[in-house]
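Undergrad: Sequence plus the predicted model coming up.
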Amino acid sequence: MSVTVICGGVGAARLLVGIRRVMSDDQITAIANVGDDFRIHGLYISPDLDTITYTTAGAVSQERGWGLEGETWQAMEMVGRYGGVDWFGLGDRDLGTHLYRTHRLTQGASLSSVTAEIIRAWGLNYTLLPVTNDQLQTFVTTQDEGEISFQEYFVRRQHSVEVSKVRFVGAASATPAPGVLESIEAADRIVIAPSNPVVSIDPVLSVPSVSEALAARRQSVTAVSPIVGGKALKGPADRLMSELGRDASVVGVAEWYRHMVSTLVIDEVDAHHRQSIEALGVDVIVMPTVMSSPQITDRLARVVCGLA
């Protein structure tokens, strides 16, 4: 039994924690979004890869959901003292990860190889793959400022500006990282994690052949809705869907994924949408999806992995 999980950041990381409790690491492959990746202070930052790594290692900040527990911020305080760019917070310990990644990339190592080295250093034995080793960056077009980078939108502006378009720069020429297509083709079950469909999952799907590989395995693909009761649990998924003219509901999620997903898991508060989703040709599982306890998380993990 093997499972491949298509991942964004926090929601995917939490689901992977449950999947690791119900399956062994050698059965799990996670394919992560790298559209959030960017360079700052000369360092290569991979927010989703790091959030997944820190969370599954049990080291993530419980308060923030990203970064490391017990972090300090003296380096960024010094950057701010000098009038440097300090709107993107990098903790002192977290900096070590970025220093190591950047150094290895400069030596010619691929992002896939460096990611494998990092998760092994945390004692993790599942497979974590960036969707591509090529440059892929998410840009959003705002009403007042034109096109800005994802991190400018998400962190600097706290995703408070209206978006009219999302673009994945570099997608057309990118190739899937080694193991990405193979893990989709070979997995017994494929899961699209409860991540933002617009800026966490779509960048993964924008890499040529990935969407087609998932569509070819549609009967084995299950998605967990990141929208619960018409709202995103974290981040701007609901607003982005609305701003882009989509229905910010579990029905909208089903419409987004219907060509590659045969089953959608929705929360009990959205049970009344079952018939509308099934009318789209997507099966529905209704159960608690807000991962507020290990018991709920593990049950959700068992269901999406076909173990329940």
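TA: Sure, I can see it. For clarity, every value in this text was computed on a predicted model and none was experimentally measured.

Undergrad: which residues does T4 contact?
TA: T4 sits next to 29-31, 183-184, 187, 189-191 when contact means Cβ atoms under 8 Å, 6 or more residues apart in numbering. All C-beta spots, glycine's among them, are computed from the backbone N, C-alpha and C.

Undergrad: Counting neighbours, which of those residues comes out on top?
TA: When neighbours are counted by other Cβ atoms under 10 Å, V191 leads the contacts of T4 with 30 neighbours.

Undergrad: Does that one touch C7 like I think?
TA: No. Look at V191 against C7 with Cβ atoms under 8 Å: they stay out of range, at 9.1 Å.

Undergrad: Where does pLDDT dip in this protein?
TA: Applying pLDDT under 70 to the chain flags no residue at all.

Undergrad: just so I have it, where are all the helices in it?
TA: Ranges of helices in the chain, per DSSP state H, are 10-22, 47-56, 74-81, 92-106, 111-121, 150-151, 180-186, 202-206, 210-216, 237-243, 250-257, 274-278, 294-304.

Undergrad: G35 is nearest to which of these?
TA: Among the helices of the chain, the nearest to G35 by Cβ to Cβ is helix 202-206 (3.1 Å).

Undergrad: Identify all contacting residues around the closest one.
TA: 6-7, 31-36, 131, 136, 138, 166, 168, 171, 174, 210-211, 214, 260.

Undergrad: related to what we said a few turns ago, CSV for the helices of the chain, including distance to W66?
TA: Shown next, in CSV, are the helices of the chain (distance: least, Cβ to Cβ, whole Å):
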stretch, distance to W66
helix 10-22, 7
helix 47-56, 5
helix 74-81, 15
helix 92-106, 9
helix 111-121, 16
helix 150-151, 13
helix 180-186, 24
helix 202-206, 18
helix 210-216, 25
helix 237-243, 16
helix 250-257, 23
helix 274-278, 31
helix 294-304, 18
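
Undergrad: Quickly note the distance from E162 to E243.
TA: 6 Å (Cβ to Cβ, to the nearest Å).
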